[in-house]
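One predicted model, sequence on top.
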Amino acid sequence: MPTPARVVVLPQEAAPLEIHEVDLPDPGPNQVIVKQYASGVCHSQLHQMHRPRESAVILGHESTGIVLKKGSAVTHVDEGDTVLVTWVPRDAANIREMPAPATLDVGGGTAISQNVFTWADHTIADGQFVVRATPDIAKDVTAIIGCAVMTGAGAVINTANVQKGESVAVFGVGGVGLSAIVGAKVRGADPIIAVDLDEEKLEFAKRFGATHGINAADVNPVHAIHEITGKPDQTGINGRPVTGVDYAFDCIGLKVTMEQIVPSVRPGHFGAGQGGTAVLVGIPGTTVELNAGAIVAQEKQFRGSIGGSCCPDRDFPMFLEWHENGSLDLDSLITERYTLDQINEATTALEEGKIAGRAILEF
């Protein structure tokens, strides 16, 4: 029997987001139907909204919900289970190709997703994107684990593998950047430097573990980072103190920030010590120019991180434990809540920089 759903649809032509009433088909062998409690509102959807498209699109890629129906080949969840929906395969090491993206018949045409869609009160997804959770988790704020937390904190603990006492700078302290700061705090990094253009966001970041805030609207953030950092016991080939962070994370993906993270990390020293690592976390919308000579001479690294290099089956229980023990304050990280009918208000507020942390849709 089909499952009725209210789904946000981005038309093929530029227009406000629309809400359509559709009937979800019964799940195929590998699919799951989830009644959703809440979904995150992510900058990635803004990128989708602004780029050309060949069809209507269904959006959203992180949520919390409960399984209503499952296909015959799905064994890791049962009907009635509380689950997190994400866009990263829960067990990528054991699949040979990505599952097909979700599609819906909408208004006489076809609407497609990237992998999943969660801006809906019900969704249908391949089981690879559905992770089982215990029934006692918070049903609203945990919705952002499937992207924001995973991407930011995962970049710190998985991609970079930051260790206790190492220094970190995070460029852009929205939902992903704040999650990176939490990951750095959990790992015992020091200092943890937040970089943004908004003074209120910088102060907000200190609630999650930032030890310093740099307003890039007022000062050169690269210079400021080098002034804050320094290891008296280390000197470079010229005898000067080594400054710069061990790791710099760009959680925005702008040309200017991508070009600032490499010079923000410390230089290496001819085999006596590797240089720092710059990690690109935000989705870039442009090319970038880097000083390749400095990267070679100072043995620095520039690397990417997609989805925080996360394995959802392994990492989501850890993030949920962080929330339970107070290390990850999701209740404070969620700063705005909207209904499905307010989706255009939510995306406008996100685009205008009016959301300090992360916004969610509640169903």
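That came in fine, so what should we check first?

Checking my notes, residue 72 in a helix, right?
No. Using DSSP: H, G, I helix; E, B strand; the rest coil, the secondary structure at residue 72 is coil, not a helix.

distance of it from residue 45?
Using Cβ to Cβ, to the nearest Å, residue 72 is found at 32 Å from residue 45. In short, each C-beta sits where N, CA and C put it, glycine included.

Repeat that for residue 8.
Plainly put, residue 8 is 9 Å away from residue 45 if you go by Cβ to Cβ.

Flag the shaky bits of the stretch 101-250 of the chain, pLDDT-wise.
Counting by pLDDT under 70, the stretch 101-250 of the chain shows low-confidence ranges at 231-239.

quick one: the helices in the stretch 101-250 of the chain?
Counting by DSSP state H, counting those that start in this stretch, the stretch 101-250 of the chain has helices at residues 148-154, 175-187, 199-206, 221-228.

Could you point out which of these sits nearest residue 305?
Distance to residue 305, taken as Cβ to Cβ, is lowest for helix 148-154 among the helices of the stretch 101-250 of the chain, at 7.2 Å.

Next, the residues that contact the closest one from outside, please.
Residues outside helix 148-154 that contact it (Cβ atoms under 8 Å, 6 or more residues apart in numbering): 40, 42, 62, 86, 88, 175-183, 186, 249, 251, 281, 305, 307-310, 312, 315-316, 319, 322, 328, 330, 333, 358.

Generate a PyMOL selection restricted to the buried subset of those residues.
Of the contacts of helix 148-154, the buried ones can be selected in PyMOL as follows, counting by 16 or more other Cβ atoms under 10 Å:
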select buried, resi 40+42+62+86+88+175+176+177+178+179+180+181+182+183+186+249+251+281+305+307+308+309+310+312+315+316+319+322+328+330+333+358
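
residues in contact with whichever strand or helix holds residue 257?
Under the criterion of DSSP states H and E, residue 257 resides in helix 255-264. The contact list for helix 255-264 (Cβ under 8 Å, 6+ apart) reads 169, 171-172, 221-222, 225-226, 244-245, 248-250, 276, 278-280, 282, 284, 286-291, 294-295, 300, 302.

6 Å instead?
169, 171, 222, 225, 245, 248, 250, 278, 286, 288, 290, 300, 302 (Cβ atoms under 6 Å, 6 or more residues apart in numbering).

Between residue 8 and residue 45, which contacts overlap?
Residues touching both residue 8 and residue 45 by Cβ under 6 Å, 6+ apart: residue 59.

any idea how far residue 175 is from residue 293?
Between residue 175 and residue 293 the distance, using Cβ to Cβ, works out to 36 Å.

ugh, wrong one, residue 242
19 Å.

before we move on, what about residue 75?
Relative to residue 293, and taking Cβ to Cβ, residue 75 is found at 53 Å.

go on, residue 173?
Distance from residue 173 to residue 293, counting by Cβ to Cβ: 31 Å.

between the two, which one's more packed in?
Neighbours per residue, other Cβ atoms under 10 Å: of residue 173 and residue 293, the larger number sits with residue 173, 28 against 8.

re earlier: any chance of the helices of the stretch 101-250 of the chain in CSV, with distance to residue 262 too?
Below are those laid out as CSV (distance: least, Cβ to Cβ, whole Å):
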stretch, distance to residue 262
helix 148-154, 20
helix 175-187, 17
helix 199-206, 22
helix 221-228, 9
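
Name the stretch among those that sits most buried.
Among the helices of the stretch 101-250 of the chain, helix 148-154 has the highest mean neighbour count (mean count of other Cβ atoms under 10 Å), at a mean of 30.

From the chain's centroid, how far away is that one?
5 Å (Cα atoms, centre = their mean, to the nearest Å).

got it, and stretch 258-267?
The answer for stretch 258-267 is 21 Å, by Cα atoms, centre = their mean.

which parts of it are buried?
Neighbour count says stretch 258-267 has 258-267 buried, by 16+ other Cβ under 10 Å.

Which residues does the lengthiest strand in the chain contact?
Counting by DSSP state E, the longest strand found in the chain is strand 31-41. Identification of contacts with strand 31-41 by Cβ under 6 Å, 6+ apart yields 3, 24, 27, 60, 62-71, 74, 118-119, 121-127, 130, 139-140, 143-144, 147-148, 346, 350, 359-363.

can you check stretch 17-27 too?
Applying Cβ under 6 Å, 6+ apart, the contact partners of stretch 17-27 are 2-10, 33, 69, 71, 104, 106, 124, 343-344.
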